[in-house]
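Undergrad: here are the coordinates; sequence isn't available:
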């Protein structure tokens, strides 16, 4: 085994008559950062939603560490070791920053217990604080999440996804809506994350993607267009035609 | 990591004196309820505050803490009352056992209604709970050999109860109040238990962001069903208290107007606050008491006050008060 973590075989998704994805076969090795790119409507988000269990594929198979994922309800995916962030900030606004992350890690151990005191689950609190520390938010732990800046909320979302210590971390446009300064911080954070775990990234910002990733997968009209190292992608004529050429590429 | 002690220190947002006081919210609430009969114009009003306080508190678990707007809570209030009355009057069950059986059966009813209703969301959830609760109303209306139909359930007077070998005259208003207060205390302890537990964190997460809670790994549908049953169980205890208090069960308590009143009470007092339901029940009942003395159209005035609250004090009386003295934020 070459450390294959996730394998998708012939994944397709239809919404009524509309074919969003067709015949996507791709596998991801453990321990590297792979980006999925493609023009708007290429099917990136649909593919991501399938990988995280939010959508069930119309056809094809998903294997994670050799186990079949098809048919599992979405909430079981975290327990398998797949965790995600969203393109549009998706946090618990009226809870404290700390509680946002604490409740996320709690999901792995207790859900229905009403006889214990959650304030005494100190190990969970420590794990939550460690995750906040990793994204640089420990100083904000007692603030309500809704009062954080946009960039901080994005970082909080990553902490929520990270705290379960997933084997596969799916990040949907973590720099969406960010200014250059915040983007720089996020890129530094992503580099640190990619050192230790397998990260799958959907991104628009080409320059950033090509700099960060070990491998790039290009989707176009719901099909797999190209798959390779950033340099191969950069020089691939097909990719240049549908994607990069439009705006000199590096937008 | 810098040792468990600093983690422990960080874990609490350093509450002030008032905040620490609220760590004992159950005892504080019981203390307030203990002097209530001497603050209100009548003992009967105080008993009603106890009863509706418990019903609304159970509802607050569902509406305030989980964010599920049900219009059918009267079903469990009524179920608790009817099951208690039927158990005592028809089957001669001792009063305390009757209460336990009634809560158990009402929780089963909540499971049935919950299985159907928690599959839906938003306005559909509200409508399904309303419809199913009305179904319960019509069952009680039609099954008159069991329930007394339109006349309500009668014939199960509890006048003397024995507590730890002691014979207590239950017709004495003061005795009755403190016996029922023990039930309210039990309900408050249970509610506080739930809110402090890991499950209490789950329902808040679901209220805040259902999609994110699911992505975090929570079974949202099952959690909603569990909280629906817990909420129904607590509200049904209020029904048991009503049956013991009145010695009759009026059919009206199953009607959707009762559900509406429960919603109004929780909003008046303050959803998402622990003691708010009792404040809401007290305010509503006092308003009704006072205004109905000089006009039979008291509902117009109560309705107007309710609208003002929704517009200007969305956190209700108690929630606004807690915010004003700066202890509202940190509480679950």
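TA: Cool, the structure landed. This one's a predicted model, so the numbers in the text were calculated from it and none came from an experiment.

Undergrad: just the buried residues of the helix or strand where residue B:174 lies, please?
TA: Assigned by DSSP states H and E, residue B:174 belongs to helix B:173-196. For helix B:173-196, burial by neighbour count (16 or more other CB atoms under 10 Å in any protein chain shown) applies to B:176-177, B:179-181, B:183-185, B:187-188, B:190-196. Every residue, glycine included, has its C-beta placed from N, CA and C.

Undergrad: contacts only, for residue B:255.
TA: Residues near residue B:255 by CB atoms under 8 Å, 6 or more residues apart in numbering or on different chains: B:74, B:137.

Undergrad: please, where are all the helices along the stretch 201-332 of chain B?
TA: Counting by DSSP state H, counting those that start in this stretch, the stretch 201-332 of chain B has helices at residues B:210-215, B:220-246, B:256-269, B:276-294, B:298-312, B:316-324.

Undergrad: need the winner for burial among the ones you listed.
TA: When those are scored by mean count of other CB atoms under 10 Å in any protein chain shown, the highest mean neighbour count falls to helix B:220-246 (a mean of 25).

Undergrad: now the helices of the stretch 201-332 of chain B as TSV including distance to residue A:152 and mean pLDDT?
TA: Listed next are the helices of the stretch 201-332 of chain B as TSV, based on distance: least, CB to CB, whole Å; pLDDT from 0 to 100:
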stretch	distance to residue A:152	mean pLDDT
helix B:210-215	16	94
helix B:220-246	26	97
helix B:256-269	33	96
helix B:276-294	32	93
helix B:298-312	32	90
helix B:316-324	24	90
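
Undergrad: and the gap between the residue of chain A positioned farthest from its centre and chain B?
TA: The centre of chain A is farthest from one residue, residue A:115, which by CA atoms, centre = their mean lies 34.5 Å away. Computed as CB to the nearest CB, to the nearest Å, the residue A:115 to chain B distance reads 7 Å.

Undergrad: rewinding a little: show the overlap between the buried residues of helix B:173-196 and what lies near chain A.
TA: Restricting these to those near chain A by CB under 8 Å from any CB of the partner chain leaves B:193-194, B:196.

Undergrad: turn the residues you listed into CSV, columns for distance to residue B:162 and pLDDT.
TA: Output for those, formatted as CSV (distance: CB to CB, whole Å; pLDDT from 0 to 100):
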residue, distance to residue B:162, pLDDT
B:193, 28, 95
B:194, 31, 96
B:196, 34, 94
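
Undergrad: residue A:152: which of those residues is nearest?
TA: Using CB to CB, residue B:196 is the member of these that lies nearest residue A:152, at 28.5 Å.

Undergrad: tell me the spacing between the closest one and residue B:76.
TA: From residue B:196 across to residue B:76, the span is 23 Å (CB to CB, to the nearest Å).

Undergrad: next one: residue B:238
TA: From residue B:238 across to residue B:76, the span is 9 Å (CB to CB).

Undergrad: find the residues that touch each one of those two.
TA: Contacts common to residue B:238 and residue B:76, judged by CB under 8 Å, 6+ apart, are residue B:58.

Undergrad: who touches the helix or strand bottoming out on mean pLDDT in chain A?
TA: Least confident element among the helices and strands of chain A, by mean pLDDT, DSSP states H and E: helix A:206-212 (a mean of 84). In this structure, residues lying in contact with helix A:206-212 by CB under 8 Å, 6+ apart are A:33, A:35, A:37, A:175, A:183, A:187, A:190-191, A:194, A:201, A:203, A:216, A:230, A:233-234, A:243-244, A:249-251.

Undergrad: just those residues: which are in helices?
TA: Residues of the contacts of helix A:206-212 located in helices (DSSP state H): A:183, A:187, A:190-191, A:194, A:230, A:233-234.

Undergrad: JSON lines for these, including distance to residue B:127, neighbour count and pLDDT?
TA: Output for the ones in helices among the contacts of helix A:206-212, formatted as JSON lines (distance: CB to CB, whole Å; neighbours: other CB atoms under 10 Å in any protein chain shown; pLDDT from 0 to 100):
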{"residue": "A:183", "distance to residue B:127": "45", "neighbour count": "18", "pLDDT": "88"}
{"residue": "A:187", "distance to residue B:127": "48", "neighbour count": "17", "pLDDT": "89"}
{"residue": "A:190", "distance to residue B:127": "45", "neighbour count": "22", "pLDDT": "89"}
{"residue": "A:191", "distance to residue B:127": "51", "neighbour count": "13", "pLDDT": "88"}
{"residue": "A:194", "distance to residue B:127": "48", "neighbour count": "19", "pLDDT": "85"}
{"residue": "A:230", "distance to residue B:127": "53", "neighbour count": "17", "pLDDT": "91"}
{"residue": "A:233", "distance to residue B:127": "52", "neighbour count": "26", "pLDDT": "88"}
{"residue": "A:234", "distance to residue B:127": "56", "neighbour count": "16", "pLDDT": "86"}
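
Undergrad: out of those residues, who's nearest residue B:210?
TA: Taking the ones in helices among the contacts of helix A:206-212 together and measuring to residue B:210 by CB to CB, the closest member is residue A:190, at 27.6 Å.

Undergrad: next up, the contacts around the residue in the stretch 101-250 of chain A positioned nearest to chain B.
TA: Distances between the stretch 101-250 of chain A and chain B by CB to the nearest CB are smallest at residue A:107, namely 3.7 Å. Counting by CB under 8 Å, 6+ apart, residue A:107 touches A:78, A:164, B:202, B:216-218.

Undergrad: mind redoing it with 7 Å?
TA: Shown in contact with residue A:107 (CB atoms under 7 Å, 6 or more residues apart in numbering or on different chains): A:78, B:216-218.

Undergrad: again, but for residue A:189
TA: A:135, A:155, A:158.

Undergrad: burial of the last one, as a residue count?
TA: Right, residue A:158. Residues contacting residue A:158 under the criterion other CB atoms under 10 Å in any protein chain shown number 23.

Undergrad: give me the phi and psi angles of it.
TA: In terms of degrees, to the nearest 10, the main-chain angles of residue A:158 are phi -70, psi -40.
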